[in-house]
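J.: How does the following fold in three dimensions:
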Amino acid sequence: MATSALFSTDDLSLPESLQEAVEHGEVFTRAWVVELILDLLGYTAEKDLCERRLVEPACGGGAFLAVVASRVSGSCREHGRPITDAIAAVRAFDLLERNVEQSRSLIVTVLRDEGWGAEDAKKVAAAWVRRGDYLLQSDDEHRADYVVGNPPYIRLEDVPDDRMAAYRQACSTMGGRADVYVGFYEVALRSLNPGGQLGFICADRWMRNQYGRRLRQLVTRHFSMDLALVMHDVDAFEEQVSAYPAITLISNRAQGAAVAADADRSFGAQQARGFVDWYVGGESSAVSTGSYEAARMPHWFPEEDSWPAASPARLAVLEELTERFRLLEDPETGTRVGIGIATGADKVFLTRDPGLVEADRLLPLAMVRDTTSGTIDWDGTYLVNPWAADGDLVDLGGYPRLAAYFERHSEVLRKRYVAVKQPHRWYKTIDKVDHRLTRRRKLLFPDMKLRIHPVLDEGGLYPHHNLYFIVSDVWDMRVLGGLLLSRVAEAFVEAYAVKMRGGTLRFQAQYLRKIRVPDPATISESDRAALADAFRRRDVEAATEVALRVYGLAELPD
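T.: Residues are numbered from 1 along each chain as shown. The predicted model follows:
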């Protein structure tokens, strides 16, 4: 592997800094991992491989090509073909001339060892491997039935500006501070013939982080995510690297069944063969050994903003619930998830002095510390509220004490971005106050917590921006609170949420919205009462027991 062509073949040299970055990024894949990927793809000698085309975007020293050459050789023997029939069967690219030469030499050695003549072996090797920029090759050079390899780990900021601009133009998924490997995924996927397959071992961060979002959209909308085999602790490379690798198989077809798998450090060549047998056999829905566990799912997750991370067994359960139940935020039930008010100057807008300004300009504010016990224990914090009931700013002329207070702090308030942008509205908070929210019953969630922690506000408080809230037109909030207190609801957040140091979870709106819930009308009266009671007592185990029954689950896998 591991590096790629970042310049076209007419470039005679590389900038020294980029040359160093590329060479530093060279990580060679172990042969048994290559065998595993090709076996999972079904790229085997029993097939007439001369009739198929395999492309490797970044061949490095030839780790993949050596195994490919052996399989193509076996296929030619199997089907009575000369090895020269395979001249168009493989295309590989690399940035560094020394890698091109090394790969060609390795292919010649393999083919000679397999009994083919020296001249024919050299012709094949010369045709297969080229120095060039995979991301900027013509479409004719890209078309493939298989794309395999270990794409490069090079940050875009390490690429010269003109080349970076060309990459961004060629690869629409390379947004933000993306790694170059995102572009390799995109170009490879777009190159696949109908039914074609991609098999990469690569960092899996694109499945969850912001810069991978466009790539996830591409996969979700146009391809089938077939396999994600997480190998973070597996000794997959010739040298130790911290790359968080996973093997991903993606096909150019409508989304079908998918497999989630996780391997530990004991996973090696022997275990890989066992995994292939299970994967290809397609019989049992799940497998768990001392080295790996895996589960089959009818579909991959449909969301594009992030894909979940959990054990294969738990992912399978979450996927099943995703298919059977509706999202928590739902217009049909009037259920909405939101965040409390951000002011841009809490030291000015928050007070515990009930006589600071006019009484109707003080809005009781719920703070994170008010929710610690599991019930609201309001500490007396108010929002100095500049918003009228009609949603517009109040006229300060009608509130002399409020006007005087804001004027005393005008220097701080006017420096805020929102005030600079709208100088005539300099005393506004970042967010508007929705006075209807104050009166509503709502569940409040502290942003950061080790466990899910819904707390009921019966009405009367407005949430601060470190609190997220749920309101609903249909749900009994105590019943919903019991459901959300359960480990089933928490499992959704845990699978998607950013985890902080010490295992603290972020219970932000985008993660709460991932939770799936049943239609409240389908929950029996006895289960409704049990959920409400568990919520009242803050009994997570009781809430989970009822939730499992409501969701139709026997258990929640670890």
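J.: Not counting residues beside it along the chain, what's closest to the most centrally placed residue in the chain?
T.: By CA atoms, centre = their mean, the mean C-alpha position of the chain lies nearest to R208, the distance being 1.7 Å. Ranked by CB to CB, 6 or more residues apart in numbering and with sequence neighbours excluded, the top spatial neighbour of R208 is S306, at 5.2 Å. Placement of C-beta: from N, CA and C, glycine included.
J.: so the one you found touches A497, yeah?
T.: No - if you go by CB atoms under 8 Å, S306 and A497 don't touch, sitting 9.2 Å apart.
J.: Could you pull out the helices in the stretch 151-300 of the chain for me?
T.: Assigned by DSSP state H, counting those that start in this stretch, the helices in the stretch 151-300 of the chain fall at 161-170, 180-191, 213-222, 269-281.
J.: okay if I get those helices as CSV plus mean neighbour count, mean pLDDT and distance to G380?
T.: As requested, these are exported to CSV (neighbours: other CB atoms under 10 Å; pLDDT from 0 to 100; distance: least, CB to CB, whole Å):
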stretch, mean neighbour count, mean pLDDT, distance to G380
helix 161-170, 14, 82, 52
helix 180-191, 23, 93, 50
helix 213-222, 18, 93, 42
helix 269-281, 16, 95, 60
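J.: Make JSON lines from those and add distance to D539 to it.
T.: Listed next are the helices of the stretch 151-300 of the chain as JSON lines, based on distance: least, CB to CB, whole Å:
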{"stretch": "helix 161-170", "distance to D539": "53"}
{"stretch": "helix 180-191", "distance to D539": "45"}
{"stretch": "helix 213-222", "distance to D539": "37"}
{"stretch": "helix 269-281", "distance to D539": "39"}
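J.: So which other helices or strands are in contact with the lengthiest strand in the chain?
T.: For the chain, the longest strand by residue count, based on DSSP state E, is strand 192-203. Contacts defined by 3 or more CB pairs under 8 Å, 6 or more residues apart in numbering; DSSP states H and E place strand 192-203 against helix 31-41, strand 144-149, helix 180-191, strand 245-251.
J.: and the gap between the residue nearest to R208 and F492?
T.: S306 is 12 Å from F492, where distance means CB to CB, to the nearest Å.
J.: Look at those two and report which has more neighbours.
T.: When S306 and F492 are compared for neighbours, F492 comes out ahead with 24 against 21, by other CB atoms under 10 Å.
J.: Just the CA coordinates for the helix or strand that contains the more buried one, please, in PDB.
T.: Per DSSP states H and E, F492 falls inside helix 487-496. C-alpha atoms of helix 487-496 as PDB (Å, rounded to 0.1, in the frame of the first residue of the first chain):
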ATOM      1  CA  ARG A 487     -30.900   1.500  28.700                       C
ATOM      2  CA  VAL A 488     -32.600   0.900  25.300                       C
ATOM      3  CA  ALA A 489     -33.000   4.600  24.700                       C
ATOM      4  CA  GLU A 490     -29.500   5.200  26.000                       C
ATOM      5  CA  ALA A 491     -28.100   2.700  23.600                       C
ATOM      6  CA  PHE A 492     -29.100   4.900  20.600                       C
ATOM      7  CA  VAL A 493     -27.400   7.900  22.100                       C
ATOM      8  CA  GLU A 494     -24.300   5.900  23.100                       C
ATOM      9  CA  ALA A 495     -24.000   4.500  19.600                       C
ATOM     10  CA  TYR A 496     -24.000   7.900  17.900                       C
END
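J.: ok, residues contacting it?
T.: Helix 487-496 has contacts (CB atoms under 8 Å, 6 or more residues apart in numbering) with 306, 308-310, 314-315, 317-318, 321, 451-452, 483, 505, 507, 510-512, 514-517, 540, 544, 547-548, 551, 553, 556.
J.: 7 Å - rerun?
T.: 306, 308-310, 314, 318, 451-452, 483, 505, 507, 511-512, 514-516, 540, 544, 547-548, 551, 556 (CB atoms under 7 Å, 6 or more residues apart in numbering).
J.: where exactly do the strands run in the stretch 1-150 of the chain?
T.: Under the criterion DSSP state E, counting those that start in this stretch, the stretch 1-150 of the chain carries strands at the ranges 54-56, 90-94, 129-131, 144-149.
J.: Ok, which of those comes nearest R439?
T.: For R439, the closest of those is strand 144-149, at 57.4 Å, according to CB to CB.
J.: could you check the angle helix 180-191 makes with that closest one?
T.: Note on geometry: by axes from the mean of the first three to the mean of the last three CA atoms, to 10 degrees, strand 144-149 and helix 180-191 are set 170 degrees apart in direction.
J.: In the sheet, which strands lie alongside strand 144-149, parallel or antiparallel?
T.: Paired with strand 144-149 in the same sheet, following DSSP bridges, are strand 54-56 (parallel), strand 192-203 (parallel).
J.: Using PDB, list the CA coordinates for that strand.
T.: Extracted C-alpha coordinates of strand 144-149, given in PDB (Å, rounded to 0.1, in the frame of the first residue of the first chain):
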ATOM      1  CA  ALA A 144     -13.600  -1.600 -12.600                       C
ATOM      2  CA  ASP A 145     -15.300  -4.600 -11.300                       C
ATOM      3  CA  TYR A 146     -13.200  -4.600  -8.100                       C
ATOM      4  CA  VAL A 147     -11.300  -1.700  -6.500                       C
ATOM      5  CA  VAL A 148      -9.100  -2.900  -3.600                       C
ATOM      6  CA  GLY A 149      -6.300  -1.500  -1.500                       C
END
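J.: what's next to that strand, contact-wise?
T.: 1, 37-38, 41, 43, 52-58, 64, 188, 191-193, 196-200.
J.: can we see that at 6 Å?
T.: 37, 41, 43, 52-58, 64, 188, 191, 193, 196-199 (CB atoms under 6 Å, 6 or more residues apart in numbering).
J.: What subset of the residues you listed is buried?
T.: 37, 41, 43, 52-58, 64, 188, 191, 196-199 (16 or more other CB atoms under 10 Å).
J.: could you pull out the helices for the stretch 401-550 of the chain?
T.: 410-415, 417-421, 435-439, 477-485, 487-496, 509-512, 525-537, 540-551.
J.: can you give me how far the fourth one is from the chain middle?
T.: Pointing back at helix 477-485 there. Taking the mean C-alpha point of helix 477-485 and that of its whole chain, the gap between them comes to 28 Å (CA atoms, centre = their mean, to the nearest Å).
J.: and the angle for that helix with helix 487-496?
T.: Going by the same axes, to 10 degrees, helix 477-485 makes 50 degrees with helix 487-496.
J.: What helices and strands are in contact with helix 477-485?
T.: Helix 477-485 sits against helix 525-537, helix 540-551, with contacts defined as 3 or more CB pairs under 6 Å, 6 or more residues apart in numbering; DSSP states H and E.
J.: Please repeat the previous calculation with a cut-off of 8 Å.
T.: strand 442-446, strand 455-457, strand 467-471, helix 525-537, helix 540-551.
J.: Can I get stretch 407-420 in PDB? Just the C-alpha atoms.
T.: Extracted in PDB, the C-alpha atoms of stretch 407-420 (Å, rounded to 0.1, in the frame of the first residue of the first chain):
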ATOM      1  CA  GLU A 407     -27.100  50.500  29.100                       C
ATOM      2  CA  ARG A 408     -24.700  49.800  32.000                       C
ATOM      3  CA  HIS A 409     -23.600  46.700  30.200                       C
ATOM      4  CA  SER A 410     -23.800  48.100  26.600                       C
ATOM      5  CA  GLU A 411     -20.100  47.800  25.900                       C
ATOM      6  CA  VAL A 412     -20.100  44.100  26.500                       C
ATOM      7  CA  LEU A 413     -23.400  43.600  24.700                       C
ATOM      8  CA  ARG A 414     -22.500  45.600  21.600                       C
ATOM      9  CA  LYS A 415     -19.300  43.700  21.100                       C
ATOM     10  CA  ARG A 416     -21.100  40.400  20.500                       C
ATOM     11  CA  TYR A 417     -21.300  39.100  17.000                       C
ATOM     12  CA  VAL A 418     -25.100  39.200  17.000                       C
ATOM     13  CA  ALA A 419     -25.000  42.900  18.000                       C
ATOM     14  CA  VAL A 420     -22.300  43.800  15.500                       C
END
